[in-house]
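In: pasted the sequence and its predicted model underneath.
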Amino acid sequence: MMMPGIFGRDMFDNFFDFPYVVKAAASDSEVMKTDIRETADDYEITMNLPGVKKENVKAELKDGYLTIQAAMGSSGENKDKEGKYIRRERYYGTSSRSFYVGEDITQEDIRARFEDGTLKLTVPKKEAKPAAEQKKYITIEG
């Protein structure tokens, strides 16, 4: 049954808050919090990826879109040596975010660094090539 929610939270969360309530997984924008800062020459993208290892992060540039994909801890088991989990709030799975950076940007233009759970990307600004204005005249007969 769908319950009304406010700001992405079920209004009965606190009322029925006991260990057997299963909450939905966090959305990508909640897991991959991002700041984008504009400087004179480029854009600096800083993305928090807590608990993610460098080898589980992929950055792809395709058709002017920069897509970041991250895989968070992948434990498919619901029990350990001591017993089974009753409640799990840590996020497991993959998340991705995309940003339009322009058609003129290439992979070689983008610099990326991953350190302490934070991905930092630098995307240079490129001048948009002005389209040459072509005048189209209508032929007038007579």
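Out: Good, I have the coordinates.

In: tell me where the chain has strands.
Out: 5-6, 9-10, 34-38, 42-48, 57-62, 65-72, 93-100, 111-115, 118-124 (DSSP state E).

In: now for the ones you listed, which one comes closest to Lys135?
Out: strand 93-100 (30.7 Å; C-beta to C-beta). For glycine as for every other residue, the C-beta is placed from the backbone atoms N, C-alpha and C.

In: and the closest one, what does it pack onto?
Out: helix 28-31, strand 65-72 (3 or more C-beta pairs under 8 Å, 6 or more residues apart in numbering; DSSP states H and E).

In: worst mean pLDDT among these?
Out: Note on the helices and strands packed on strand 93-100: helix 28-31 shows the lowest mean pLDDT, a mean of 60.

In: if we can go back for a sec, and the helices and strands packed on strand 93-100, which is most packed in?
Out: strand 65-72 (a mean of 18; mean count of other C-beta atoms under 10 Å).

In: give the residue spans of the chain that score low on pLDDT.
Out: With pLDDT under 70 as the threshold, the chain has low-confidence stretches at 1-30, 74-81, 91, 128-133, 138, 142.

In: how about a cut-off of 80?
Out: 1-31, 73-92, 127-142 (pLDDT under 80).

In: ok, back up a step: of the helices and strands packed on strand 93-100, which approaches Lys136 most closely?
Out: strand 65-72 (32.1 Å).

In: contacts for the closest one, please.
Out: The contact list for strand 65-72 (C-beta atoms under 8 Å, 6 or more residues apart in numbering) reads 31-32, 45, 47, 49, 51-52, 56-61, 91-101, 105, 110, 119, 121, 123.
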